[in-house]
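**Q** structure of the sequence below:
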Amino acid sequence: MTYGVQCAKGLPGWLFVWSAGIGAVALVVALAVPALRVRQVALAAQLLAECTALLVILSYYA
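**A** Alright, predicted model coming up:
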C-alpha cells in the first residue's frame, strides 16, 4: 500500500539495452576465444559493465 505515492519511472530503456548488449558480447568473447589475454580482457570488460550497472541502479534508486 503506497497511500498515493507514485512509483519511480525507472531506468531509461536504452541504458539497459546497451548494458545487456555489452555484457553479452563480452561473455561470448570470454567463452569463445582461445587466447588467454583476450579472455582476460573480455572478463574485465564484463565485470566493469556489471559494476557500472550496479552503481547506476543503486544511485538511481537510493
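
**Q** when you work out contacts or count neighbours from here on, use the C-alpha atoms and nothing else.
**A** Noted.

**Q** how about Pro34, secondary structure?
**A** coil (DSSP: H, G, I helix; E, B strand; the rest coil).

**Q** mind checking how far it is from Gln40?
**A** Using C-alpha to C-alpha, to the nearest Å, Pro34 is found at 11 Å from Gln40.

**Q** before we move on, what about Gly21?
**A** Gly21 is 18 Å from Gln40, by C-alpha to C-alpha.

**Q** ok, Ala26 next?
**A** For Ala26, the distance to Gln40 (C-alpha to C-alpha) stands at 10 Å.

**Q** who's more crowded, those two?
**A** A count of neighbours by other C-alpha atoms under 10 Å puts Ala26 above the other of Ala26 and Gln40, at 21 against 13.

**Q** which non-adjacent residue is nearest that one?
**A** Computed as C-alpha to C-alpha, 6 or more residues apart in numbering, the closest residue to Ala26 that is not its neighbour in sequence is Ala42, at 5.0 Å.
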